[in-house]
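Novice: give me coordinates for this.
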Amino acid sequence: MDRRSFVMALFGGLAAASVGGIAASEAAQPKLAPLPARKPEELPESPSRKG
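Specialist: Below you'll find the model as predicted:
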């Protein structure tokens, strides 16, 4: 293996490892589930809505 191939393999391996590390760290973070939207008839009555 010549020097150029070695350097390219080295940097390619480092780039692949960093991308894999980023993906693993994002997968480890908890994701918050969105709250279901409430229908207008389920909302509590406010004084401004009473006519």
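Novice: sec struct for the residue nearest the centre of the chain, please.
Specialist: Closest residue to the average C-alpha location of the chain: E26 at 5.5 Å, with Cα atoms, centre = their mean. Counting by DSSP: H, G, I helix; E, B strand; the rest coil, the backbone at E26 sits in helix.
Novice: M8: which element?
Specialist: Assigned by DSSP states H and E, M8 belongs to helix 3-28.
Novice: any idea of the mean pLDDT for that helix?
Specialist: Mean pLDDT, computed over helix 3-28, is 87.
Novice: give the other helices and strands that it contacts.
Specialist: Applying 3 or more Cβ pairs under 8 Å, 6 or more residues apart in numbering; DSSP states H and E, one finds that helix 3-28 contacts no other helix or strand. Heads up, the C-betas are built off the backbone N, CA and C, glycines and all.
Novice: ramachandran coordinates for P30?
Specialist: Note on P30: its backbone torsions stand at phi -70, psi 140 [degrees, to the nearest 10].
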